[in-house]
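Chemist: Mind folding the following:
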Amino acid sequence: METVYDFTLPKGFLDSHGELHRRGRMRLATAGDEISATRDPRVLANPSFLTIVLLSKVITELEGLDAVTATTIEQLFTADLAFLQDMYQKINDIEPPVMQCVCPDCGRTFEVPINFTQEG
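Modeler: The predicted structure is shown next:
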């Protein structure tokens, strides 16, 4: 089972020295990560800060940086933040539920994923 995933940011984190950092690693979140993030004083004051705190816990590496902090995540370009939010959702999501179906023509049984979200 893979628990750490490599990524390349679409734009990259631009540090105070003008260096661009694009490659990094994200690990799977634990229940403890999510619980402790909801107790963080910054999240209690502003619930939309939850994403920032969670990402700072699960991003284990961003090339050339000693550590990834909430301040680092706050300074990302919006395209990179959206990319990381999407990645977080994908790697921490469970297998989608499936429904057993039978083809009315041939009688073959197959599985169809159940999508509870509506996408345009």
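Chemist: Double-check that residue 16 belongs to a strand.
Modeler: No. Assigned with DSSP: H, G, I helix; E, B strand; the rest coil, residue 16 falls outside any strand and is coil.
Chemist: Report the separation between it and residue 37.
Modeler: Distance of residue 16 to residue 37, given as Cβ to Cβ, to the nearest Å: 26 Å. The C-beta positions use only the backbone N, C-alpha and C, and glycine is treated the same way.
Chemist: Compare these two (neighbour count), which wins?
Modeler: Taking other Cβ atoms under 10 Å, residue 16 and residue 37 do not tie; residue 37 has more neighbours (22 against 6).
Chemist: Check the secondary structure at that one for me.
Modeler: Residue 37 - assigned by three-state DSSP - is helix.
Chemist: And for it, nearest residue in space, chain neighbours not counted?
Modeler: Once flanking residues are discounted, residue 37 sits nearest to residue 53: 4.4 Å by Cβ to Cβ, 6 or more residues apart in numbering.
Chemist: which parts of the helix or strand encompassing residue 32 are buried?
Modeler: If you go by DSSP states H and E, residue 32 is part of helix 31-39. For helix 31-39, a neighbour-count test (16 or more other Cβ atoms under 10 Å) marks 33, 37 as buried.
Chemist: so how far is the worst-scoring helix or strand of the chain on mean pLDDT off the chain centroid?
Modeler: Least confident element among the helices and strands of the chain, by mean pLDDT, DSSP states H and E: strand 98-102 (a mean of 81). Remark: strand 98-102 is offset 29 Å from the chain centroid, using Cα atoms, centre = their mean, to the nearest Å.
Chemist: and it, which strands flank it?
Modeler: Sheet pairing for strand 98-102, assigned by DSSP bridges, gives strand 109-113 (antiparallel).
Chemist: what about the partner strand, distance to the chain center?
Modeler: Offset of strand 109-113 from its chain centre (Cα atoms, centre = their mean): 28 Å.
Chemist: on that earlier part again, list the contacts of the least confident helix or strand of the chain.
Modeler: Residues outside strand 98-102 that contact it (Cβ atoms under 8 Å, 6 or more residues apart in numbering): 108-114.
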